[in-house]
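**Student:** Could you look at this predicted model? Sequence included:
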Amino acid sequence: MNTRSWLEKLVSFDTTSRNSNLAMIETIRDALMAQGLKPELIYSPDGNKANLFATLPAHDGTMQGGIILSGHSDVVPVDGQNWSSDPFVLTERGGKLYGRGTADMKGFIAASLTLVPEFLALKRKKPLHLAFSYDEELGCIGAPFMLAALKQRGVHADGCVIGEPTGMRVIVAHKGINFYHCRVHGKAAHSSLTPHGCNSIEYAARLICRIRDLADQFKADGPYDKFYDVPFTTMTTNKISGGIAANTIPELCEFVYEFRNLPGMSPDGIHAKIESYIHDELLPKMRQDYADARIEIEAGAAGPALEASEQEIITKLVRALTNDSAIAKVSYGTEGGQFQNAGFPAVVCGPGSIEQAHKPDEFIETSQLDACEEFLRKLAGSLQ
């Protein structure tokens, strides 16, 4: 199969994060087994999804060292989007291949799988590894289970290439991302008897405004990193619900907020500012209205920031193979920080544009797939 046919097959699997990815992962597993490899599936706790890890041994059978090619199998929903063609049927128009996940990031996976026979034929001194995860789009949930399994097995590698869409540019850093679900519990009452209740929406609004104040502070005072398109840490509240009727003091208000921190900034330190406001200022005021008022915060998915060292072998190698010496950093997250923290130095480099990701009529240019194949051939050749 060539990259086009592999991509067509991968796109046909609706691996929206709410669905299982097993059909796609098992298809990849079977194709690799047919070539004599022994891929391992690392399942989610409920068994409904799986990561895949496979090693293409060196010529002498060595399984340790070498380079990991990393991609995620899940895609974002197409609900409510106006597509010009079926998002799960690969469609070509004007040198562009349309379909959900073409850019983010089944194109990279397709190119990697296409070249497996060539990789196996090379007399490599070091192995190549394939690492395909689940639920990256939900906050890099699946990769930690795979990384834990690799640690338990004592797997080592010299570096990792995260194939997110970068236009085949080398990305050496990205921000961390941290999600939180907040529940503000007040007391219901008839709205004509306001002093008898505790308005959860109004107190939630105060907390949301404090989160915005912190965001404005980061924007005004930094710290800054000029290499990011948004050169400071950001904080936003992106979802809220509360209340049951126009004439009822709301007992419960829930909202979701996030922050995206620059590398080097402690997520715990940032969130401590929010917790301090809650416990020192907001809750005491709430409990003047209602003694049992409370605020619960549940930490959601989190992906650590990535900051690759220019001295790492993988950084130097990928820069040399792409002839890209520019310093480029991005505000979106990847699994790169997780691989780096697990002891696998990582950079981000893959085909397609992040501007196409998550949109209707997502596409990848065929020229980008060609460029990715050329890069992967050079990468594998460097291991000879």
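**Tutor:** Perfect, I can see it now. Residues are numbered from 1 along each chain as shown.
**Student:** where does this structure have low pLDDT?
**Tutor:** Within the chain, no stretch has pLDDT under 70.
**Student:** 90 - rerun?
**Tutor:** 139, 229, 301-302 (pLDDT under 90).
**Student:** would you list every one of the helices in it?
**Tutor:** In the chain, the helices defined using DSSP state H lie at 3-12, 22-33, 107-114, 116-121, 143-153, 200-221, 267-277, 283-289, 313-322, 336-341, 366-381.
**Student:** and among those helices, the most buried is which?
**Tutor:** With neighbours defined as mean count of other C-beta atoms under 10 Å, the helices of the chain peak in mean count at helix 107-114, which reaches a mean of 27. Placement of C-beta: from N, CA and C, glycine included.
**Student:** can you give me the angle that helix makes with helix 366-381?
**Tutor:** 50 degrees (axes from the mean of the first three to the mean of the last three C-alpha atoms, to 10 degrees).
**Student:** any residues touching helix 107-114, and which ones?
**Tutor:** Identification of contacts with helix 107-114 by C-beta atoms under 8 Å, 6 or more residues apart in numbering yields 1-4, 6-7, 10, 28, 31-32, 69, 71, 73, 97, 130, 132, 163-165, 350-352, 364, 368-369, 372-373, 376.
**Student:** what do you get for stretch 227-239?
**Tutor:** For stretch 227-239, using C-beta under 8 Å, 6+ apart, the contacting residues are 173, 175, 208, 211-212, 214-215, 218-219, 222-225, 255-262, 265, 270, 327-331.
**Student:** Pull up the gap between Ser5 and Gly71, please.
**Tutor:** Distance, Ser5 to Gly71, using C-beta to C-beta, to the nearest Å: 17 Å.
**Student:** so what are the domain limits for the protein?
**Tutor:** For the chain, automatic domain parsing gives the domain ranges 3-173+305-381, 176-303.
**Student:** End to end on the last one, go ahead and measure it.
**Tutor:** Domain 176-303 has its terminal residues 6 Å apart, counting by C-alpha to C-alpha, to the nearest Å.
**Student:** what's the answer for the first one, then?
**Tutor:** Domain 3-173+305-381 has an end-to-end distance of 19 Å (C-alpha to C-alpha).
**Student:** and if you look at stretch 95-102?
**Tutor:** Stretch 95-102 end-to-end distance (C-alpha to C-alpha) = 13 Å.
**Student:** so how far is that stretch from its chain's centroid?
**Tutor:** 20 Å (C-alpha atoms, centre = their mean, to the nearest Å).
**Student:** Go through it and flag the buried ones.
**Tutor:** 96-102 (16 or more other C-beta atoms under 10 Å).
**Student:** Adding distance to Leu122, write those out as JSON lines.
**Tutor:** As requested, these are exported to JSON lines (distance: C-beta to C-beta, whole Å):
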{"residue": "Lys96", "distance to Leu122": "31"}
{"residue": "Leu97", "distance to Leu122": "27"}
{"residue": "Tyr98", "distance to Leu122": "33"}
{"residue": "Gly99", "distance to Leu122": "31"}
{"residue": "Arg100", "distance to Leu122": "33"}
{"residue": "Gly101", "distance to Leu122": "28"}
{"residue": "Thr102", "distance to Leu122": "28"}
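**Student:** just to revisit the earlier point, from the contacts of stretch 227-239, list just the buried residues.
**Tutor:** 173, 175, 208, 211, 214-215, 218, 225, 255-262, 265, 270, 328-331.
**Student:** still on that earlier bit, for the helices of the chain, could you give me a markdown table that also reports distance to Asn247?
**Tutor:** A markdown table is the format used below for these (distance: least, C-beta to C-beta, whole Å):
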| stretch | distance to Asn247 |
| --- | --- |
| helix 3-12 | 50 |
| helix 22-33 | 49 |
| helix 107-114 | 54 |
| helix 116-121 | 65 |
| helix 143-153 | 47 |
| helix 200-221 | 14 |
| helix 267-277 | 30 |
| helix 283-289 | 18 |
| helix 313-322 | 61 |
| helix 336-341 | 48 |
| helix 366-381 | 57 |
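**Student:** Looking at those, spot the one closest to Ala357.
**Tutor:** helix 107-114 (10.9 Å; C-beta to C-beta).
**Student:** just how off-centre is that closest one within its chain?
**Tutor:** The mean C-alpha position of helix 107-114 is separated from the chain mean by 18 Å, C-alpha atoms, centre = their mean.
**Student:** In PDB, list the C-alpha atoms belonging to that helix.
**Tutor:** Only the C-alpha atoms of helix 107-114 are listed here, as PDB (Å, rounded to 0.1, in the frame of the first residue of the first chain):
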ATOM      1  CA  GLY A 107      -1.200  11.700   7.200                       C
ATOM      2  CA  PHE A 108       1.900  11.100   9.200                       C
ATOM      3  CA  ILE A 109       0.800   7.700  10.400                       C
ATOM      4  CA  ALA A 110       0.000   6.700   6.700                       C
ATOM      5  CA  ALA A 111       3.400   7.800   5.500                       C
ATOM      6  CA  SER A 112       5.100   5.900   8.400                       C
ATOM      7  CA  LEU A 113       3.200   2.700   7.700                       C
ATOM      8  CA  THR A 114       3.800   2.900   3.900                       C
END
